[in-house]
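Enquirer: curious how this folds, go ahead:
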Amino acid sequence: MFRRMNALIWLRNQILLSNKNLSVQILLPFMLVLLYKNFMEVSGMKLMFVCLSMAISMSIGMTISTMIAEEKEKNMLKTLLLSGVRYHEYILSVLIHPLILTVITLILFPVMTDANLEGIYIEYIAVMFLTTVAVMLINMCIGLLSDTQSKAQINGLPITFIVALLPMFSLAKEGVATVVSYTFMGAYTDFFIETNFSMSDNSIKILLLWNVILIVLTVLAIKKSKVIVTDKK
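Expert: Alright, predicted model coming up:
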């Protein structure tokens, strides 16, 4: 198992290094932080509120759907399964780099934006990690159910806009804020907006429920994708 996982991780490294679109996709939110910080007078928490959701969506979420769909399009997934790679090993290998990116993003963004998280580090880690997991699961479903990389990008575009822009739209109109509160981005928005945010808020419970639902949907997507790949043999 460890030998196969090492081979899969090496394959992921090669894909990330060779795919320039993925590299730009991963780095773009970080470049935007530097751009906003140097050319706009925005406080640290506001800057992180605007840019972190984009990082979660583009750098982490879309990376998953793009990699899976690209490998399906090139029949790499079929080849890997025929060579003895287990499906759960493949899925785990897909998540390793996004999880590393999640840790790097959650550490770097407060530093880059000069955001003051004193006293709310636990809430920050919990909310952002659970939100990122939800986005990762959605994009995994998109990648597993898309035949080509272009289809995955098209199917994932609405999710990218929802994750990146919905929190900001919630500030503009009360009705939008109500809708956002029932989505997986509700806790993210409340963390930055509510002055007395705590882990007992309803938005956290809703986020946890979303994660449970998305785990079930991801399992179903994995089973369907596995059947399709097996039938193609």
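
Enquirer: hmm, which helix or strand of this structure has the shakiest average pLDDT?
Expert: helix 76-82 (a mean of 71; mean pLDDT, DSSP states H and E).

Enquirer: so what secondary structure elements neighbour the helix or strand following it?
Expert: Using DSSP states H and E, the next helix or strand after helix 76-82 towards the C-terminus is helix 87-113. If you count contacts as 3 or more C-beta pairs under 8 Å, 6 or more residues apart in numbering; DSSP states H and E, helix 87-113 packs onto helix 2-18, helix 20-39, helix 44-54, helix 62-73, helix 76-82, helix 121-145, helix 202-232. Quick note: C-beta positions are derived from backbone N, CA and C, even for glycine.

Enquirer: quick one: low-confidence residue ranges for the protein.
Expert: Filtered on pLDDT under 70, the chain yields the residue ranges 1, 81-82, 226-233.

Enquirer: let me see the contact set for the residue nearest the centre of it.
Expert: Centroid-nearest residue in the chain: residue 61, 2.7 Å away (criterion: C-alpha atoms, centre = their mean). For residue 61, the residues meeting the contact criterion (C-beta atoms under 8 Å, 6 or more residues apart in numbering) are 98, 132, 135-136, 138-139, 156, 159-160, 163.

Enquirer: just the closest of those residues to residue 197, please.
Expert: Nearest to residue 197 among these is residue 132, at 17.6 Å by C-beta to C-beta.
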